[in-house]
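Engineer: sharing a model prediction with you, sequence too.
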Amino acid sequence: MELVTSEVAQERLQAVAKTSPRVVVSGNFATPMTLLNAFDAVVPAYRLFILNPHGAIPTREGVTYESPFLGPAIRDRPRQLEYLPMRLSLVPSLLASVRKPDVVLIHVSRQRGDHVSLGTEVNILPGAIEQTRRNGGLVVAQINDLMPYTYGDSELSVDQIDFAISADEPLQSPSALDPDQGIATTIAGLVTELIEDGATLQLGIGAIPNAVAAQLTKRRQLRIWSEMISDGVLNLERVGALDVDHALVASFLFGSSELYAWCDSNPRLRLVRTEIVNDPSNIAQQPAMTAINSAIQVDLFGQANANFVNSRFYSGIGGQADFTVGSLHAIGGHSIIALPSWHDKSASSTVLERLDGPVTSFQHSAIVSEQGVAMLFGRSSGDQATAICNNVAHPKVRDQLSEALRSLQ
């Protein structure tokens, strides 16, 4: 790895400018903004492959976004966006076949020995780096003293990086969630009753998974095998709820500066590449694997929509499908979908007769709202629908759903 100035980096990056290259960039809150802006300034047109982007990424004409999981920075730009419906576990295979990258821009820690660390985001990056080097493309890093050093697949030999710039920039964090705390707390309490000591947890993004973590502080010997680690896991670690004999395994971090400080050089934490963490066969090996995810809507068939709203894609399939399948194959495993029964802004039920858009996941073991719990696994389709109608749906729509239910039986 050669350390160069931003000006030299731009001169070298101009070599790919004529090809309208595909550039893979760290997503979530790990995007190397200084490096990405330097690239954008010298490459007129390119395809930006990024997961769940936040912040002020380039938005000009000439930039086409490719993403299997949309973030707030791109979801409102349909003219520039190519959404790729895909389980997250399969994205590295995508990058190794029909959408091979030409350039990878990564955000790394200060060098230690002959390694740097990808810090808060591993995810699809190791596969992208390997494929890019195989193709003869460029791997370029932004070295940031503020990026924590994490272990596992996040450690990257400097020989894998063509050149780097040094640019410190604060790591960003998600905005504070402001759900109906009473409803979230009620739902979390019902979910918590389904989780026993010794369970392995996957907690998705959102207020309800965070609220679940906050109510698990009395559990013991919990393990973490999750696509993401947030501040809820940090709290469980501090109160002694986690099994100290097992590493905390995830693929990226999504939280506060306090979380980032905790993960720096933390031997308890292992950040592992997506094709391992999200592989349903690996998920299924975890004891009492319990996947806890949110949804926008569910229907009487037990199907969940977590990525499509107002006739447009909002996020993506992500890891929900991977963890739903994997957890149900685990011994003592559960896949739980948790959501409010009513959406106040649209004054509408979140429980429908049937989804009118894409399905994110299905065949869960339980669906939970503030109204109650519908246990689904092993029940007939009619019994599942009855349980969802009576235990999950808001009372305002139960008569309507009951009428629809008669036509399904």
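Structural biologist: Alright, I've got the coordinates.

Engineer: tell me the domain ranges of the protein?
Structural biologist: Domain segmentation of the chain under automatic domain parsing yields 2-166, 181-408.

Engineer: and those: which comes nearest S175?
Structural biologist: Minimum separation from S175 across these (Cβ to Cβ) falls at domain 2-166, 9.2 Å. For glycine as for every other residue, the C-beta is placed from the backbone atoms N, C-alpha and C.

Engineer: can you redo the domains of the chain as CSV with distance to S175?
Structural biologist: Shown next, in CSV, are the domains of the chain (distance: least, Cβ to Cβ, whole Å):
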stretch, distance to S175
domain 2-166, 9
domain 181-408, 11
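
Engineer: how about those in TSV, adding mean pLDDT and mean neighbour count?
Structural biologist: What follows is the domains of the chain, written out as TSV (pLDDT from 0 to 100; neighbours: other Cβ atoms under 10 Å):
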stretch	mean pLDDT	mean neighbour count
domain 2-166	96	19
domain 181-408	95	20
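
Engineer: count of neighbours near P170?
Structural biologist: Neighbour count for P170, taken as other Cβ atoms under 10 Å: 9.

Engineer: nearest to P174, out of the domains of the chain?
Structural biologist: domain 181-408 (6.3 Å).

Engineer: check the offset of the closest one from the chain's centre.
Structural biologist: In terms of Cα atoms, centre = their mean, to the nearest Å, the centre of domain 181-408 is set 12 Å apart from its chain centre.

Engineer: residue numbering should commence at 54 henceforth.
Structural biologist: Got it, the first residue is 54 from now on, which makes the last one we talked about domain 234-461.

Engineer: quick one, strands of the stretch 354-462 of the chain?
Structural biologist: Under the criterion DSSP state E, counting those that start in this stretch, the stretch 354-462 of the chain contains strands at 357-358, 361-362, 365-366, 387-391, 395-396, 401-402, 404-405, 419-422, 425-428.

Engineer: name every strand pairing with the longest one and say which way it goes.
Structural biologist: Strand 387-391 has the following sheet partners, assigned by DSSP bridges: strand 342-347 (parallel), strand 419-422 (parallel).

Engineer: OK, contacts around H107?
Structural biologist: Applying Cβ atoms under 8 Å, 6 or more residues apart in numbering to H107 gives the contacts N81, F82, T84, G124, P125, A126, Q225, P227.

Engineer: any idea how far T58 is from it?
Structural biologist: Distance, H107 to T58, by Cβ to Cβ, to the nearest Å: 27 Å.

Engineer: now swap in E208 and tell me
Structural biologist: For E208 relative to T58 (Cβ to Cβ), the value is 26 Å.

Engineer: for D409, same thing?
Structural biologist: D409 is 54 Å from T58, by Cβ to Cβ.

Engineer: with A267 instead?
Structural biologist: From A267 over to T58 the distance is 46 Å, taken as Cβ to Cβ.

Engineer: what distance do you get for Q195 to F122?
Structural biologist: On the measure of Cβ to Cβ, Q195 and F122 end up 22 Å apart.

Engineer: what of R321?
Structural biologist: From R321 to F122 the distance is 27 Å (Cβ to Cβ).

Engineer: and the end-to-end length of stretch 210-219?
Structural biologist: 17 Å (Cα to Cα, to the nearest Å).

Engineer: and if you look at stretch 422-440?
Structural biologist: Using Cα to Cα, the two ends of stretch 422-440 sit 12 Å apart.

Engineer: quick check: bridge partners of L306?
Structural biologist: I282.

Engineer: distance-wise, check it relative to V77.
Structural biologist: Going from L306 to V77 by Cβ to Cβ gives 19 Å.

Engineer: what does V404 give?
Structural biologist: For V404, the distance to V77 equals 38 Å [Cβ to Cβ].

Engineer: D93 too?
Structural biologist: Separation of D93 from V77 (Cβ to Cβ): 15 Å.

Engineer: fine, thanks again, bye for now.
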